[in-house]
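*Asks:* this is a predicted model, with the sequence first.
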Amino acid sequence: MLRGLVQRASKRPCLLARHQLPQPSIQRCCVAGRLLASQAFNPDDVAKTNVENIRNIGVSAHIDSGKTTVSERILFYGGRIDAIHDVKGKDGVGAKMDSMELEKQRGITIKSAATSLVWKGNQINLIDTPGHIDFTVEVERALRVLDGAILVLCASSGVQTQTYTVYRQMKRYNVPFITFINKMDRFAANADKTIEQMRTDMGLNAAFLYYPIGAERTFEGLVDVLGARSVYFEGDNGENVVYKDLPVSLEEETMIKRMELIESLSNVDEEIGERYLMEEDITNSDIKSAIRRSVLAQTFTPVVAGSALKNKGVQTLLDCVNTYLPNPSEVDNYAINALTQEKVLMSPNRTMDNHGVGLAFKLEESQYGQLTYLRMYQGCFKRGNNMINTRTGEKHRVPRLVLMHSNETENVTSAFAGDIVAMIGASCASGDTFVDAKMPAEEQVSMESMFVPEPVISMSIKNLRHKDDDKFSKALARFVKEDPTFRSMFNPENKEIVISGMGELHLDIYAERIRREYGCEVELGEPTVNYRETLTEPVEFSVTYKRQSGGRGQFGEGFGEIEPLEDANAEVEFVNAVTGGMITNNFIKSVEKGVREACAEGALSGHKISGIRFVLRGGRVHNVDSSDWAFSRVGYYAIKEHFINKATVLEPWMNVEISAPKDYSGEVIQSVNERGGKMQNLDIQQGICTVTASAPLQVMFGFSSHLRKMTSGMGTFTMEFKENKPVDHQTQESLISSYKESKAYKNLQASGAGF
């Protein structure tokens, strides 16, 4: 359509004038060297940096999209590292942001890493995040504290399963982003196809600012759509950015891309839209202003193409970060007043006029003690001053403050609003808020914490050498504290420790870290699915708990109903609907305690209950025999005895994406169908078939080995949690039967459940 518009434009001079490309009067060839674009980063300059010159950004992507390679080039061109190293550590060094030996060996990012650099006068605080779904909490907590992001896509694979997840996470925290279509040098690279997937599959309003010249082996540079010039990257590491006149053969394509850009902006920006409809001149300055407004409003996504591996396009990407992503003063951040529960807007001013407020968003163990990553949202923290943890109410002295450069630290004496620093030696939990100790109690606030997904898989873990029990316990305690999605518990029935997480790789990595970092010999058991229980329809309950064994007895009575929530994955809600003082407040709290105890244990099949609302409407109290224990049993047995009447068991279903040579497409589809999966799409491009489907997690255990065998080692797959769905009748009966044979159920019966 646009090509036709370009052809028709010659017959409408006003339309052509509005969209004509800038015409250079002379041949242009300017070289911007690496040292001219960057300057040496000095930690002492951080406190002096104006808020307008700060960018807090993250790099996120589907696994194997080249995200860490992009980060490595950003550090190099920003002058933070002297040489570019291989992500998988083949050169004996490895990428700077993947500091763990395990990351280099496996060639994947396991934990997020932070650094800072200067690019053309702006300080960029960068967090590189993992791409694998098993480490999704690292992406969650990074995006929670960032003001902008770079979404990296593979030009060959296009939009993939984890791309959707990352996009949802960005939307959850209202993070505007720029898209970098990477790997333009790769086989089957197609930037136009990828941006079309962004528009149709993800619903994004996207357009190129820099599109590629060539693809695969012929990829040689970029076209600056607004500047109407070609961009080349010369030198051993592409450090010299060379601008040249646009080849005549690319003028029509550039006109089309420019018109696409203007049309995309006219749909979301009122000023550009009005000029477009009135057929007025639209200058580059108008377009750049509209891009920035639309990016901040999250209604438009600029797209830059390139190849980080071939050192092409990263500098132009950094230019776009400076120009279009927000500084901390352009993002509204709110905290919650601890007393009134009202939202309080944080001041981004980098002064000491406001009380300091910071969020601890990530914890790590270091050789110097606990390393706490902190995002400052207001005021200032200075080393030696006092601060208060608003969750615990405890007062702490501000410890040593450092800037992170991957696994290295650089000392600073203070942290102002907009800074991302780390504290060494602070005692806190992930998600805690610290405020200046001078802040009045009635003004103290807490930042909203991040979303933490529930674990979907469990495995038993055994320490094979009893002499290492202490080290083994310390390792588990440390990793549980650092990673909110990693859980550890003792199963008294089987007398074994069970760890839970986001996938097989997640738990396997932690087992390997226990071996490497603590010298323990551990063994993992077979994986098990984390089932859930919920209601299908409301049920009423009336429970009387009465025990008499000589002397004072135990009495409690309550009635109400249990209702299903719309979201079966939601946490259990407890509603106090008691009227007329039928039950006193302290006993109501006891009922809630019993409800939550029972929900944690499960009632139908011994799995955690979710997605219900427990409404307590009334009851009776005995002047002598009523107690906290008796009323806790009212809530406990209301779940155990009445919930099961309309309950069902849920199992996790996963979104699955499988890639293999097209010759194996039949075998792949058959394998999905045999596992009870549901096909969603089959795409065959350049000899590669990509199958997207959904399937129960239970049937996907061991699929990796099966796929490799089936495709002669050429097939790969990724999966992510989609939703919890009811299991089939046979599976539910089997789970209930197994539960009734368990010690937990028999102990419950022996305790006198049943009234």
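*Replies:* The structure has been received and is ready for your questions. Residues are numbered from 1 along each chain as shown.
*Asks:* low pLDDT regions in the stretch 651-755 of the chain?
*Replies:* 750-755 (pLDDT under 70).
*Asks:* quick one: low-confidence ranges for the chain?
*Replies:* Checking the chain against pLDDT under 70 turns up 1-39, 89, 493, 550-551, 750-755.
*Asks:* mind checking the longest strand of it?
*Replies:* strand 647-661 (DSSP state E).
*Asks:* that one pairs with which strands, parallel or anti?
*Replies:* strand 532-535 (antiparallel), strand 688-696 (antiparallel), strand 716-726 (antiparallel) (DSSP bridges).
*Asks:* just name the most buried of those.
*Replies:* Highest mean neighbour count among these (mean count of other CB atoms under 10 Å): strand 532-535, with a mean of 24. (Each C-beta comes from the backbone N, C-alpha and C, glycine too.)
*Asks:* report the buried residues of stretch 354-373.
*Replies:* Under the neighbour-count criterion of 16 or more other CB atoms under 10 Å, stretch 354-373 has 354-363, 370-373 buried.
*Asks:* so which of those residues belong to strands?
*Replies:* V357, G358, L359, A360, F361, K362, L363, Q370, L371, T372, Y373.
*Asks:* N411 is nearest to which of the strands paired with strand 647-661?
*Replies:* Closest of the strands paired with strand 647-661 to N411 is strand 716-726, at 39.4 Å (criterion: CB to CB).
*Asks:* can you list contacts of that closest one?
*Replies:* 62-63, 132-133, 136, 160-162, 165, 453, 456, 502-503, 532, 568-569, 610, 648-660, 694-697, 700, 703-704, 707, 732 (CB atoms under 8 Å, 6 or more residues apart in numbering).
*Asks:* again, but for stretch 491-500
*Replies:* So stretch 491-500 is contacted by 455, 457-462, 476, 486-490, 507, 510, 525, 530, 742-744 (CB under 8 Å, 6+ apart).
*Asks:* would you mind listing the buried residues in that stretch?
*Replies:* Within stretch 491-500, the residues scored as buried using 16+ other CB under 10 Å are I497, V498, I499, S500.
*Asks:* do the same with stretch 100-109
*Replies:* So stretch 100-109, judged by 16+ other CB under 10 Å, has buried residues M100, E103, K104, R106, G107, I108, T109.
*Asks:* export it to CSV, keeping only CA atoms.
*Replies:* Written as CSV, here are the backbone C-alpha positions of stretch 100-109 (Å, rounded to 0.1, in the frame of the first residue of the first chain):
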residue,chain,number,x,y,z
MET,A,100,29.6,-16.9,37.2
GLU,A,101,31.7,-19.8,35.9
LEU,A,102,28.4,-21.7,35.5
GLU,A,103,27.1,-19.0,33.2
LYS,A,104,30.2,-19.2,31.0
GLN,A,105,30.1,-22.9,30.8
ARG,A,106,26.4,-23.1,29.9
GLY,A,107,26.4,-20.0,27.7
ILE,A,108,23.3,-18.6,29.5
THR,A,109,22.6,-15.8,31.9
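*Asks:* chain center to that stretch, what's the gap?
*Replies:* 20 Å (CA atoms, centre = their mean, to the nearest Å).
*Asks:* where do the helices sit along the stretch 101-250 of the chain?
*Replies:* Taking DSSP state H, counting those that start in this stretch as the criterion, the stretch 101-250 of the chain carries its helices at 101-106, 136-145, 161-172, 191-200.
*Asks:* pipe those into a markdown table and attach distance to I562 per row.
*Replies:* As requested, the helices of the stretch 101-250 of the chain are exported to a markdown table (distance: least, CB to CB, whole Å):
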| stretch | distance to I562 |
| --- | --- |
| helix 101-106 | 45 |
| helix 136-145 | 31 |
| helix 161-172 | 29 |
| helix 191-200 | 43 |
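*Asks:* what about the strands in the stretch 351-500 of the chain?
*Replies:* 357-366, 369-378, 380-382, 386-389, 395-397, 400-405, 408-412, 414-416, 420-424, 433-436, 445-447, 457-463, 487-491, 496-501 (DSSP state E, counting those that start in this stretch).
*Asks:* mind putting the ones you listed into JSON lines with distance to N724?
*Replies:* Below are these laid out as JSON lines (distance: least, CB to CB, whole Å):
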{"stretch": "strand 357-366", "distance to N724": "27"}
{"stretch": "strand 369-378", "distance to N724": "31"}
{"stretch": "strand 380-382", "distance to N724": "41"}
{"stretch": "strand 386-389", "distance to N724": "34"}
{"stretch": "strand 395-397", "distance to N724": "40"}
{"stretch": "strand 400-405", "distance to N724": "37"}
{"stretch": "strand 408-412", "distance to N724": "42"}
{"stretch": "strand 414-416", "distance to N724": "41"}
{"stretch": "strand 420-424", "distance to N724": "35"}
{"stretch": "strand 433-436", "distance to N724": "31"}
{"stretch": "strand 445-447", "distance to N724": "29"}
{"stretch": "strand 457-463", "distance to N724": "13"}
{"stretch": "strand 487-491", "distance to N724": "17"}
{"stretch": "strand 496-501", "distance to N724": "15"}
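*Asks:* for those, which one sits closest to A297?
*Replies:* Using CB to CB, the nearest of the strands of the stretch 351-500 of the chain to A297 is strand 369-378, at 21.5 Å.
*Asks:* partner strands of that closest one and their direction?
*Replies:* strand 357-366 (antiparallel), strand 420-424 (antiparallel).
*Asks:* got the angle for that strand vs strand 400-405?
*Replies:* 90 degrees (axes from the mean of the first three to the mean of the last three CA atoms, to 10 degrees).
*Asks:* got the angle for strand 369-378 vs strand 408-412?
*Replies:* Using the same axes, to 10 degrees: strand 369-378 against strand 408-412 is 50 degrees.
*Asks:* now strand 369-378: how far from the chain's centre is it?
*Replies:* For strand 369-378, the distance to the chain centre is 18 Å (CA atoms, centre = their mean).
*Asks:* then stretch 407-418?
*Replies:* Distance of stretch 407-418 from the chain centroid (CA atoms, centre = their mean) equals 24 Å.
*Asks:* got it, and stretch 456-473?
*Replies:* Here the centre of stretch 456-473 is set off from its chain's centre by 28 Å, with CA atoms, centre = their mean.
*Asks:* ok so A568 is a strand residue?
*Replies:* No: assessed with DSSP: H, G, I helix; E, B strand; the rest coil, A568 is coil; it does not lie in a strand.
*Asks:* my read is that it contacts P652, right?
*Replies:* No: A568 is beyond contact range of P652, at 11.4 Å (criterion: CB atoms under 8 Å).
*Asks:* thanks a lot, see you next time.
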